[in-house]
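> Whatever this is, show me its structure:
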Amino acid sequence: MTKVMESAALAAGRAIMAIHSGGPTVQYKPDSSPVTEADEEAEQLILAALKQHFPTIPIVAEEAVAAGDIPDISGGLFFLVDPLDGTKEFVAGRNEFTVNIALIRDGSPVAGIVLAPALSIGFLAAEDHAERFSVTDGHVIGDRKTIGCRGPGTPPTAVASRSHDTPETARFLEDHGIGACTAIGSSLKFCLVAEGLADVYPRFSRTMEWDTAAGDAVLRAAGGETRMLDGRPLLYGKRNQAHDADFANPHFIAASRGWSTTSESITK
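All right, here's what the predicted structure looks like:
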């Protein structure tokens, strides 16, 4: 399965970079979020690959959901796909955008790939193993390196959203004595924690499940965890929510094994 996910992500990455080089055409969805032809072309490539190899596993994909195509995921096993996470970074000409594919089993992300095509790197998670890989000029995977979360840092460091900074994030950093915080786009924030380059990623603005699942899979396989503000693990496949849309996430804290994510520390 991971080989298929890798191949699909690489194909999507090639399509995205071709459009990136020529300049995308930007439109806006009803929720005012941007979408480009790169999002749509990349999603079609990923969907075709996953359906060919795993025809019985439902796929929840960002643009398909926006068009009203929501499969039955009551069986508990399904894919989550964000063909271009960090569209705002992509449109702005920055390189911090990713292709995200994750496999969800019973609410937890158990495998995933995060590809950053403009940075020629990616991250893969499966069976409690996480790795970082390089991508060569031929758009094939090169060197691979096993990664894991680090222990408690002194002082602790954080990563946060470049495009969705909030007063709550600043307050969290201050309350926990975190002076060093790197702002970066897309699901790469999860991967920096998974790689041991940061301790915690607090998120106090809205995300959708396809935004987070692949990066969360990498983090969990690397020994980290993602918890809601009440201390419970972040779950996937959230439908019929009373106060938000299908597949919308609550606020969360993603952290390394050396960071306490108990409800007391989260809400300090």
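> For the stretch 51-200 of the chain, which segments count as helices?
62-66, 87-91, 167-175, 188-194 (DSSP state H, counting those that start in this stretch).
> List phi and psi for residue 16.
phi -60, psi -40 (degrees, to the nearest 10).
> Phi first, then psi, for the closest residue to it other than its chain neighbours.
Once flanking residues are discounted, residue 16 sits nearest to residue 38: 4.6 Å by CB to CB, 6 or more residues apart in numbering. Any C-beta I mention is one placed from the backbone N, CA and C, and that applies to glycine too. The phi/psi pair for residue 38 (degrees, to the nearest 10) reads phi -70, psi -40.
> Residue 38 - how many residues pack around it?
Neighbours of residue 38 under the rule other CB atoms under 10 Å: 23.
> these two touch, right, residue 214 and residue 104?
No: between residue 214 and residue 104 there is no contact under CB atoms under 8 Å: 10.3 Å.
> So these two - more neighbours on which side?
Looking at residue 214 and residue 104 with other CB under 10 Å, you find the greater number of neighbours at residue 214, namely 34 against 26.
> In three-state terms, how would that one be classified?
The three-state assignment at residue 214 reads helix, by DSSP: H, G, I helix; E, B strand; the rest coil.
> contacting residues for it?
80, 82, 98, 100-102, 109, 112-114, 125, 187 (CB atoms under 8 Å, 6 or more residues apart in numbering).
> And those residues, which is closest to residue 243?
Closest approach between these and residue 243, by CB to CB: residue 80, at 21.1 Å.
> what does the model give the closest residue to residue 84 other than its chain neighbours for pLDDT?
Leaving aside its sequence neighbours, residue 84 sits nearest to residue 39 (CB to CB, 6+ apart; 4.5 Å). Per-residue pLDDT puts residue 39 at 91.
> Go ahead and confirm residue 39 touches residue 63.
Yes: counting by CB under 8 Å, residue 39 touches residue 63, with 5.8 Å between them.
> So for those two, which residue has more residues nearby?
A side-by-side neighbour count of residue 39 and residue 63, using other CB under 10 Å, places residue 39 first with 25 against 20.
> Can you point out the helix or strand that includes that one?
helix 37-53 (DSSP states H and E).
> how deep is residue 46 tucked in, by neighbour count?
With other CB under 10 Å as criterion, residue 46 counts 26.
> That should have said residue 29, apologies.
Quick note: residue 29 (other CB under 10 Å) scores 13 neighbours.
> where's the residue at the greatest distance from the centre of the chain relative to residue 188, distance?
Using CA atoms, centre = their mean, the residue of the chain lying farthest from its centre is residue 154. It sits 26.7 Å away. Noted for residue 154: a distance of 24 Å to residue 188, by CB to CB, to the nearest Å.
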